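In: sequence and predicted structure are below.
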Amino acid sequence: MSVIRRLHSLMQNRKISPQELTEYFLKMVQEENPRLNSCITIADKTARKQAEEAAQRFEQGSYTLFTGLPVLLKDNLCVQGLPATCASRMLADFVAVYDAAVWEQLYSDGAVLLGKTNMDEFAMGSSSETSFFGPVRNPRNETLSPGGSSGGSAAAVAGGLAVCALGSDTGGSVRQPAAFCGITGLKPTYGAVSRWGLIAYASSLDQIGPMALCAEDAALLLDRISAKDSRDDTSRGLGQTAPLLREPVTGKRVAIVREMMEGASLPVQKAIEDTVQRLHTLGISVTEVSVPVLRYAASAYYIIACAEASSNLSRYDGLRYGHRSESPAASFHEFVCRNRQEGFGEEVRRRILMGTYVLSAGHHEQYYQKARKVQSLLRRELLAALEQADILLSPVCPAPDFPAGKTLADPVAVYQTDLCTVAANLSGLPALSTPSAIWENGHPVGIQLMARPFADGNLLQTAYWLETTGTRPPYPESVRVLMDGKEEF
Ligand code: GLN
């Protein structure tokens, strides 16, 4: 059973109050956060107030599925009155002055925000280790990275600190940490969810996505946050996905993407093979497709993402807001340079420099224009592949996990591991990461499903049916206690 539905029914039937549920999870956060470092801000005061409001809504009968539900948001999402640091020294003291559209929706339903989650600085990274506030740990195995950049959200959900969380995904930051922590993560179709109040990394690629313990919870959360919003011109909204989940999947066509299998490690290959068997038992046919231009996807992504980041991050000058250096500056130029030099970490500075370089006169055509051509070609090839199949199957990452503390030494090697995830962002397609039944180092290896634009529901439905074959890892202990044995479908 969905955790969200179960907790809702507990509150609706007065078995537990929103205040009790909030205290229960706040205690989890307080106890576990020193170990996992998954939250930058613990919003205990506001959470208690929201829990009280939720209780009143139950009294008055004006509740929804999300009333009283304890959630976490990545720290690049704005919530009025709370810090939004992007895990950067640059924004360490920044307090948001308005709410992100996604939080507006959840808040208007009476959800309870337990806190803001740790991440790679400005969402740039794959291990949640570039954070100014220290690295996040994987709750399933502390010698492993939780993935990134939404590693705090993934670790918190997998560790049972909250029921679900939101992350952001520019090149895989929802899906890859979901895979490394053994939960479900979805990067919605570009435009399904409003980016209003999401601190930008690369605006043409950024999407906010749900991170949850099962496909149904991810669908429920997506359905609540997807909307057309006049404040984000690229937003279109999305139809409801949750009602689709239990519809039969027999007859669907899945295709493995050949180029995404190149370089896959043994556990990842096994996870794909096992998934194929499970798809067959569900009556789904599996073939193979080739998308040759994928070989250039990671390079194109890093050019486009860095180009956009160099422009988006130019607003942090330390004058209007952002870190301001203590040391005196002789000129305005020096003042801004000092603020940015001290405020940004090494990886962020590297990307700003790369982005400025690929956009500069003389290099623009050589790099940026070419990357945009690869992007168009990739979208065309992926859409063509999706004529032959309803869903594309691939690894999330060639490796099942990363060892903790090792990824920062060789940034380019880590960039290359984003090959499978960046394709969905470059082409705007929805993509989901779900645990396979193959276990490595004590946690399941994630696999990725991709579909046509706005077919997010197809992904969640397939993930739901895969779960019925036994791929879903056990819920964390703190959640299991509340499920009272009602974990089955
Ligand atoms: N790992 C990718 C990067 O570092 C993806 C990040 C993201 O999706 N925010 O750019």
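Out: On my side now, so go ahead. Numbers count the residues shown, from 1 in each chain.
In: ranges for the helices of the stretch 251-400 of the chain?
Out: Taking DSSP state H, counting those that start in this stretch as the test, the helices found in the stretch 251-400 of the chain are 258-261, 266-281, 297-312, 332-343, 346-359, 370-388.
In: looking at these, which is buried most?
Out: helix 297-312 (a mean of 23; mean count of other C-beta atoms under 10 Å). Every residue, glycine included, has its C-beta placed from N, CA and C.
In: what comes into contact with it?
Out: 122, 124, 170-171, 200-205, 348, 351-356, 358-359, 367-368, 370-372, 374-375, 378, 415-416, 418-419, 422-423, 425-426 (C-beta atoms under 8 Å, 6 or more residues apart in numbering).
In: could you redo the last one with a cut-off of 7 Å?
Out: 170-171, 200-205, 351-352, 354-356, 358-359, 367-368, 371, 374-375, 378, 415-416, 418-419, 422-423, 426 (C-beta atoms under 7 Å, 6 or more residues apart in numbering).
In: ok and that helix relative to helix 370-388, angle-wise?
Out: 130 degrees (axes from the mean of the first three to the mean of the last three C-alpha atoms, to 10 degrees).
In: what does the stretch 251-400 of the chain put close to the ligand?
Out: residue 305 (C-beta under 6 Å from any ligand atom).
In: how about the secondary structure of residue 221?
Out: helix (DSSP: H, G, I helix; E, B strand; the rest coil).
In: look up how far residue 69 lies from residue 251.
Out: 35 Å (C-beta to C-beta, to the nearest Å).
In: so what's residue 313 up against?
Out: So residue 313 contacts 122, 352 (C-beta under 7 Å, 6+ apart).
In: and the gap between it and residue 201?
Out: Residue 313 sits 8 Å away from residue 201, going by C-beta to C-beta.
In: so what sits against both of these two?
Out: Overlap of the contact sets of residue 313 and residue 201 (by C-beta under 7 Å, 6+ apart) consists of residue 122.
In: do you know the pLDDT at residue 321?
Out: Per-residue pLDDT puts residue 321 at 87.
In: hang on, it packs against residue 94?
Out: Yes: between residue 321 and residue 94 there is a contact under C-beta atoms under 7 Å: 6.0 Å.
In: near the ligand at all, stretch 178-191?
Out: No: between stretch 178-191 and the ligand, judged by C-beta under 6 Å from any ligand atom, nothing touches; the nearest distance is 8.2 Å.
In: check the burial of the residue lying closest to residue 350 once chain neighbours are set aside by counting its neighbours.
Out: Counting by C-beta to C-beta, 6 or more residues apart in numbering, residue 350 lies nearest to residue 411, which is 7.0 Å off, once chain neighbours are set aside. Neighbour count of residue 411, defined by other C-beta atoms under 10 Å: 18.
In: from residue 177, how far out is residue 411?
Out: 18 Å.
In: ditto for residue 64
Out: Distance of residue 64 to residue 177, computed by C-beta to C-beta: 28 Å.
In: end-to-end on stretch 84-103?
Out: Across stretch 84-103, the terminal residues are separated by 13 Å (C-alpha to C-alpha, to the nearest Å).
In: scratch that, stretch 435-445
Out: For stretch 435-445, the end-to-end distance is 6 Å (C-alpha to C-alpha).
In: just the buried residues of it, please?
Out: Using 16 or more other C-beta atoms under 10 Å as the test for burial, stretch 435-445 gives 435, 436, 437, 438, 439, 440, 443, 444, 445.
In: okay, and which of those map to strands?
Out: 435, 436, 437, 438, 439, 440, 443, 444, 445 (DSSP state E).
In: now for the first one: which residues touch it?
Out: It stands for residue 435. Residue 435 touches 182, 444, 446, 471, 472, 473, counting by C-beta under 7 Å, 6+ apart.
In: between which two of these is the distance greatest?
Out: Across these, the longest distance by C-beta to C-beta is 12.0 Å; it joins 446 and 472.
In: neighbour count for these two, which is higher?
Out: residue 446 (30 against 23).
In: now the more buried one, nearest residue through space, not along the chain?
Out: Closest to residue 446 by C-beta to C-beta, 6+ apart is residue 179, at 2.4 Å.
In: count of residues packed around that neighbour?
Out: Residue 179 has 34 nearby residues by other C-beta under 10 Å.
In: next, it: secondary structure please.
Out: helix.
In: that one: what's it in contact with?
Out: Contacts of residue 179 (C-beta under 7 Å, 6+ apart): 147, 396, 397, 433, 446.
In: cutoff 10 Å now
Out: 147, 154, 172, 185, 268, 271, 395-397, 399-401, 420-421, 433-436, 443-448 (C-beta atoms under 10 Å, 6 or more residues apart in numbering).
In: repeat that for residue 202.
Out: Residues in contact with residue 202 (C-beta under 10 Å, 6+ apart) are 123-124, 170-171, 301, 304-312, 351, 355, 425.
In: repeat that for residue 180.
Out: Counted by C-beta under 10 Å, 6+ apart, residue 180 has contacts 126-128, 138, 140-141, 144-148, 151, 154-155, 158, 396-397, 399-402, 433, 443, 445-446.
In: gap between it and residue 154?
Out: 7 Å.
In: now the contacts of residue 435 in TSV, with pLDDT?
Out: Rendered in TSV, the data for those read as follows (pLDDT from 0 to 100):
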residue	pLDDT
182	97
444	94
446	98
471	97
472	95
473	95
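In: can you lay out these as JSON lines showing distance to residue 23?
Out: Compiled in JSON lines, the contacts of residue 435 are given as follows (distance: C-beta to C-beta, whole Å):
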{"residue": "182", "distance to residue 23": "26"}
{"residue": "444", "distance to residue 23": "31"}
{"residue": "446", "distance to residue 23": "32"}
{"residue": "471", "distance to residue 23": "33"}
{"residue": "472", "distance to residue 23": "28"}
{"residue": "473", "distance to residue 23": "26"}
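In: so which of the residues you listed is the closest to the ligand?
Out: Closest approach to the ligand among the contacts of residue 435 (C-beta to the nearest ligand atom): residue 446, at 14.6 Å.
In: rewinding a little: where does the residue nearest to residue 446 land on pLDDT?
Out: Confidence score, pLDDT, at residue 179: 98.
In: before we move on, what about residue 289?
Out: pLDDT, read off for residue 289, is 98.
In: burial measure for it, as a count.
Out: Neighbours around residue 289, by other C-beta under 10 Å: 20.
In: swap in residue 487?
Out: With other C-beta under 10 Å as criterion, residue 487 counts 17.
In: ok, it to the ligand distance?
Out: Computed as C-beta to the nearest ligand atom, to the nearest Å, the residue 487 to the ligand distance reads 30 Å.
In: get me the contact residues on the stretch 1-150 of the chain for the ligand.
Out: So the stretch 1-150 of the chain meets the ligand at 123, 124, 125, 126, 149 (C-beta under 6 Å from any ligand atom).
In: highest neighbour count among those residues?
Out: residue 149 (37 neighbours).
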